[in-house]
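# sequence and predicted structure are below.
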Amino acid sequence: MSWLNWLENRVGFLAIPRLIPAIALLNLFVYILFQLSPGYVQYLTLEPDLVMRGQVWRLVSYIFIPDMFLDARGVSILQSVFFLLYVWFMIWVGNALEHAWGAFRLTLYYVLGMAGVTIAAFLLGAGQSEGNNLPLFINASLFFAFATLFPNLQVYLLLFIPVKVKWLAIIFLLPILYTFLTSSLLIKAALIISLLNYVLFFVPIALSNARHSRDVQKRRLKFAAGSVPVDEPLHRCAVCKRSERDDPELEFRVARDGEEYCVEHLPKPVGKT
């Protein structure tokens, strides 16, 4: 059982259903209020010095600020259209991740992203008032998770240019890599910490899948060389222990935890019945 399964069995009740759509709509609310009264946003930003003085709400409120769309010079129709597309895309990505993972894992992923960004801000001693678009890193980790789970899904850039999600993720990663390579050691550490939720979720799965693929390849090579008993199976279910030797009609799949299951015992996505 992976650490995610272990944690979900114990504190799964802390899941927040529809978390990302709620955050996206609060971004929309802040955007509208900003157009009416720009000054109030300064009370929501993440400022390490002010947090240490007791303004602890800033540890959460900063995620509702769509920095890239806040422009003190006013609002334009084009800016509003792009922002609405941003909100719609954020809701779409959030719904897809919750459908794939379940509410608990998505909540945990987002909270870990927030924790990483907050720690990075305190390490740098700099907040949003100094031009740091902190929610961008959390949203980047969400998008990278989405692209990892649905790499070949096609979206339409600017509503008419078809692009696979994996290529968008690579394009989005390039400026982050450039910043990492050209920045100081402290900023490098902050970038790594802010994306640590992606590493915690996906690196163990990637390692497990690689190990499983290597083991399957070794077994195939042994079969081809005739160096193993003829009754040794290529596939075996982690639950019922049946193999293709027990039933030639059995189909096997590798789940997200890296284990191999027959179709009957394949773990269902969290949240599904």
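Yes, it's here. Nothing here was measured: the structure is a model prediction, and the numbers come from that model.
# could you use CA atoms for every contact and neighbour count after this?
Noted.
# what's the burial count for residue 16?
Neighbourhood size, residue 16 [other CA atoms under 10 Å]: 16.
# tell me how far residue 16 lies from residue 94.
12 Å (CA to CA, to the nearest Å).
# just checking, what packs against the longest helix belonging to the chain?
For the chain, the helix that runs over the most residues, judged by DSSP state H, is helix 196-225. Judged by 3 or more CA pairs under 8 Å, 6 or more residues apart in numbering; DSSP states H and E, helix 196-225 is in contact with helix 103-124, helix 134-149.
# at 6 Å what do you get?
helix 103-124 (3 or more CA pairs under 6 Å, 6 or more residues apart in numbering; DSSP states H and E).
# quick one: distance of the helix it packs on to the chain centre.
Put simply, helix 103-124 sits 11 Å off its chain's centre (CA atoms, centre = their mean, to the nearest Å).
# same deal with stretch 243-252?
On CA atoms, centre = their mean, the centre of stretch 243-252 falls 35 Å from the chain's centre.
# any idea which element the nearest residue to residue 118 once chain neighbours are set aside lies in?
Distance criterion CA to CA, 6 or more residues apart in numbering; nearest residue to residue 118, sequence neighbours excluded, is residue 59 at 7.2 Å. Using DSSP states H and E, residue 59 maps to helix 58-61.
# helices and strands around that helix, which ones?
By 3+ CA pairs under 6 Å, 6+ apart, helix 58-61 packs against no helix or strand.
# ok, and what's touching it?
With CA atoms under 6 Å, 6 or more residues apart in numbering as the contact definition, helix 58-61 has outside contacts at 44, 45, 46.
# for the first one, give its distance to residue 135.
To residue 135, residue 44 is 12 Å away according to CA to CA.
# repeat that for the last one.
For residue 46, the distance to residue 135 equals 10 Å [CA to CA].
# which of the two has more residues huddled nearby?
Neighbours were tallied for residue 46 and for residue 135 using other CA under 10 Å; the higher tally belongs to residue 46 (29 against 21).
# is the more buried one in a helix, a strand, or coil?
Classification of residue 46 using DSSP: H, G, I helix; E, B strand; the rest coil returns coil.
# so it versus residue 63, what's the distance?
Counting by CA to CA, the gap from residue 46 to residue 63 is 9 Å.
# now do residue 260
Taken as CA to CA, the span from residue 260 to residue 63 is 38 Å.
# kindly report the same for residue 207.
For residue 207, the distance to residue 63 - CA to CA - is 32 Å.
# and these two? Which one has more around it.
residue 63 (23 against 12).
# so how far is residue 136 from the more buried one?
9 Å.
# same question for residue 210.
Residue 210 is 31 Å from residue 136, by CA to CA.
# more crowded one of the two?
Higher neighbour count among residue 210 and residue 136: residue 136, with 16 against 13, using other CA under 10 Å.
# how about the strands in the stretch 151-273 of the chain?
154-157, 161-164, 252-254, 260-262 (DSSP state E, counting those that start in this stretch).
# now for the first one, which elements pack on it?
In terms of contacts (3+ CA pairs under 6 Å, 6+ apart), strand 154-157 is packed against strand 161-164.
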